[in-house]
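J.: here is my input; please provide its structure:
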Amino acid sequence: MRILILFDLPVVTKEARREYTNFRKFLIKDGFDMMQYSVYSRLCRGIDSVNKHMRRVKSHLPPKGAVRAMVVTEKQFAAMQILVGKKRKIHKDIDPVQLSLF
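T.: Predicted structure coming up:
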């Protein structure tokens, strides 16, 4: 399963930029990879892991802006089409069977 975090945060004031930066750094520290600007994804082993990371994201939400989360299966994520641009390193195919070995 994957968690997708999509956000649109204000960066007009110095304080708003700081909140944006803190949220972005939190996502990276928590294992999320940037897919494109303001879209981050994280691979999770199951629903328990999804719930744990969703609680973490909710506890680090900035006070203003828009943040959305979506959970998709690995099969749904793999079916995503890139219409413009190229595949980035983080989009490499991961065999879900490898996750169950840990």
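
J.: give me the residues contacting stretch 51-65.
T.: 3, 5, 7-10, 16, 19-20, 22-23, 26-27, 30-31, 42, 44, 67, 69 (Cβ atoms under 8 Å, 6 or more residues apart in numbering). C-beta: built from backbone N, CA, C; applies to glycine.

J.: tell me which of these fall in helices.
T.: Ala16, Glu19, Tyr20, Asn22, Phe23, Phe26, Leu27 (DSSP state H).

J.: Arg88 contacts Ser41, doesn't it?
T.: No - in this structure Arg88 lies outside contact range of Ser41 using Cβ atoms under 8 Å: 11.0 Å.

J.: between these two, who's got more neighbours?
T.: Ser41 (21 against 12; other Cβ atoms under 10 Å).

J.: ok, the more buried one - contacts?
T.: Counting by Cβ under 8 Å, 6+ apart, Ser41 makes contact with Arg2, Ile3, Leu4, Ile5, Phe32, Asp33, Met35, Phe77, Ile90.

J.: lowest-confidence one in the residues you listed?
T.: Across the contacts of Ser41, the smallest pLDDT goes to Ile90, namely 56.

J.: end-to-end on stretch 56-74?
T.: Stretch 56-74 has an end-to-end distance of 21 Å (Cα to Cα, to the nearest Å).

J.: so where's the chain uncertain?
T.: Across the chain, the ranges flagged by pLDDT under 70 are 89-102.

J.: returning to what we had before: okay, the ones in helices among the contacts of stretch 51-65 in JSON lines with distance to Asn51 next?
T.: Below are those laid out as JSON lines (distance: Cβ to Cβ, whole Å):
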{"residue": "Ala16", "distance to Asn51": "29"}
{"residue": "Glu19", "distance to Asn51": "25"}
{"residue": "Tyr20", "distance to Asn51": "25"}
{"residue": "Asn22", "distance to Asn51": "23"}
{"residue": "Phe23", "distance to Asn51": "20"}
{"residue": "Phe26", "distance to Asn51": "17"}
{"residue": "Leu27", "distance to Asn51": "17"}
